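In: structure, please.
(one chain, ligands or ions: 1)
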Amino acid sequence: MSDRAIDTLFLEERRYPPPAEFAAQANAQPGIYDVAAEEFWAREAQERVTWFEPFDAVLEWELPYAKWFTGGTLNVCFNCVDRHVEAGLGDRVAYFWEGEPEGDRRALTYADLQREVVRFANALKELGVEKGSHVALYLGMTPELAIAMLACTRIGAAHTVVFGGFSAESLSDRMNDFGATVLVTQDEAWRRGGTVPLKRISDEAMAAAPKVERCLVVRRTGGDVPMAAGRDTWYHELDVSDDPSTCPCEPMDAEDLLFLMYTSGTTAKPKGIMHTTAGYLVGVAASHSYIFDLKPESDVFWCSADIGWITGHSYIVYGPLCNAATSVLFEGTPDFPDKDRWWDVVERYGVTILYTAPTAIRSHMKWGPEYAERHDLSSLRLLGSVGEPINPEAWVWYHEHIGGGRCPVVDTWWQTETGMVLITPLPGITTLKPGSATKPFPTVEAGVIDEAGNEVGPGGGGYLVIKSPWPAMTRGIYGDDARFRETYWTRAPGLYFAGDGARIDRDGDFWLLGRVDDVMNVSGHRISTIEVESALVDHPNVAEAAVCGRADATTGQAIVAYVTVKGGVDPTVELMAELRNHVAAKIGPIAKPANVVFTPELPKTRSGKIMRRLLRDVAENRPLGDTTTLADPAVVSEIADRASEAPAED
Ligand code: 7RM
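Out: Residues are numbered from 1 along each chain as shown. Down below sits the predicted model:
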């Protein structure tokens, strides 16, 4: 491809070099990219983690399974809690917890956290949990969720956290696959002023999970819940000690199982992604420190994800606590009781680093900047994004309206399977481009390959692969070696296949194009759903857009755009035509949507990813498949009604 042809693929020309003051004080300095992988990670492992026994080897790599820091022993809870108290940091706040009901808030110092974790670990021991036990955790965003995770790691039990929005069937499926013997839950969770009956759902799940013998119930709302004698125990009724000497931290092998996180793949059965002790901890702590430029003594870090997802595990619990950070833990939602709730939280706690998702940013864009303007956000110094490709317009809005134009934005690409961020800017080093996750993290080798497995040059689209192991990489799918090899390691021999499309530009910066099944093929041209979505969101009347391809006899696929307009805008036929032309003007006539469907909401999973499979079903008039993972299943039938009314255009 000619240089000019390449450049026309990358329409985004805005550049944000690192501010000089930020660069001067940054944790990551340019030489960080020059260190060899094993040297880099050996140093990180020695400096960030306290070992009971030192490791013998940095890496043993037997594709597709890596072992890191073999021979070493350590304890995750000791590293995240006890050693900070021993180092005199007991008075530092670990979590500012903001409950959903206003005024319901708690600050937990590291000393508080140590006492709470010891008490919880002793409670788990009362219920028979021991080293090697498998414990399921089904709680909302309360301190007790983090405390329960740490309590498991303290005594050497492995956990799986099931997101509190999942159904009884999802919970029992996961508990059965994991072989959990103990479930920790809470009476109810608060949700937008109402309650979610977690214990009742747990009862239904336990009825279908015969291996679960005991259930520990944390009181949150005080709602009335039935307790099964012999099986269920109220946490607050157990009389157990919170003295650390009653519950020492169990020495664990570097490669002992730390947790499973279930994630959906292309089949109905979710995969239990395994993460182990040392590599995961070192990976999340190092990446958290460099990517978010964490200064533990002065920063207040807020990752708005739910702990029930990998983002919460790595960047609310394990990474920040290992680094002795102060974090915000928020139970509520962005628009309850009003749309400025987040900005109230930022102002109240003086949040300096905010890490959130494009879907949340687009909601705030839709509501308008006036909610943020009601609050003093001047404490912020760095912003992050994760979960989906971020549309350049959303990036720029975030940078301007939330970051006041002064905060670098780190767009971090990673997955449940990668455990830690793998493609990201380093603030203070990287020149930012809205919409690009920019460069592989130090020591990470990423590339883009074509169908035949050959490396694609600058500008070419292809499959994102990772070429060498990294410490926090998954150690496989629990109980399913064949599926692990098949899903991630067969596309190209020896390379980790992420399932995402990507392009690399002439500067070596990565542009993520969405899941590979989100790549459309229109008349032989590969067009990513995200490219068209970004063009639509670039239009002043558009709040949010989701795009999919539908089968077309002539062109292979035709583009269907589902669009949510901003408040006060009329979704007229004229606007439809205008949007189609806008996309054509931004990207080229080839990307012009064949249909535009206006809809008040887009169908999203509970973690905020747009469910394109459902949009395709609607676009192709298929019966709607499984909608149970949607945050709001009613949205999709409403969209189907509107789509059937929408005129198709040529
Ligand atoms: C952390 C997380 C993983 C999938 C991944 C991508 C998408 C995540 C970005 C992104 C573009 C990003 N884990 N994804 N981050 N796409 N830019 N910065 O989300 O397992 O739940 O999802 O999310 O498709 O494969 S996850």
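In: can you point out the buried residues in stretch 525-536?
Out: 527-536 (16 or more other Cβ atoms under 10 Å). Quick note: C-beta positions are derived from backbone N, CA and C, even for glycine.
In: likewise for stretch 208-223?
Out: 209, 212, 214-221.
In: re the thing from before, in strands only, show me the buried residues of stretch 525-536.
Out: 527-528 (DSSP state E).
In: and of the buried residues of stretch 525-536, the nearest to the ligand?
Out: Distance to the ligand, by Cβ to the nearest ligand atom, is smallest for I530 among the buried residues of stretch 525-536, at 7.8 Å.
In: wait, the closest one touches V519, no?
Out: No - taking contacts as Cβ atoms under 8 Å, I530 lies outside contact range of V519: 9.4 Å.
In: what's the overlap in contacts for the two?
Out: L513 (Cβ atoms under 8 Å, 6 or more residues apart in numbering).
In: ok, back up a step: any idea which of the buried residues of stretch 208-223 is closest to the ligand?
Out: A209 (24.1 Å).
In: any idea which element the closest one lies in?
Out: For A209, there is no enclosing helix or strand under DSSP states H and E.
In: just the pLDDT at the residue of the stretch 301-450 of the chain found nearest the ligand, thanks.
Out: Closest to the ligand within the stretch 301-450 of the chain is T416: 3.5 Å, counting by Cβ to the nearest ligand atom. What the model reports as pLDDT for T416 is 94.
In: check the one 4 residues further on too.
Out: As predicted, M420 sits at a pLDDT of 98.
In: ditto for S2
Out: S2 is given a pLDDT of 69.
In: check A584 too.
Out: 87.
In: for it, what are its contacts?
Out: With Cβ under 8 Å, 6+ apart, A584 has these contacts: 591-592.
In: state the helix or strand in which it lies.
Out: A584 belongs to helix 573-586, assigned by DSSP H and E.
In: do a quick rundown of the strands in the stretch 501-650 of the chain.
Out: Ranges of strands within the stretch 501-650 of the chain are 510-515, 519-522, 525-528, 542-552, 556-565, 595-598, based on DSSP state E, counting those that start in this stretch.
In: can you put those strands in TSV and add mean pLDDT?
Out: Below are the strands of the stretch 501-650 of the chain laid out as TSV (pLDDT from 0 to 100):
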stretch	mean pLDDT
strand 510-515	88
strand 519-522	77
strand 525-528	72
strand 542-552	90
strand 556-565	91
strand 595-598	92
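In: just to revisit the earlier point, from the buried residues of stretch 208-223, which is closest to R515?
Out: A209 (30.7 Å; Cβ to Cβ).
In: and the closest one, what's its pLDDT?
Out: For A209, the predicted pLDDT is 98.
In: hang on, isn't it packed against M175?
Out: Yes - shown here, A209 and M175 form a contact pair, counting by Cβ under 8 Å, at 4.3 Å.
In: joint contacts of the two?
Out: L183.
In: the strands of the stretch 501-650 of the chain: which one's closest to the ligand?
Out: So among the strands of the stretch 501-650 of the chain, strand 510-515 is nearest, using Cβ to the nearest ligand atom, at 3.5 Å.
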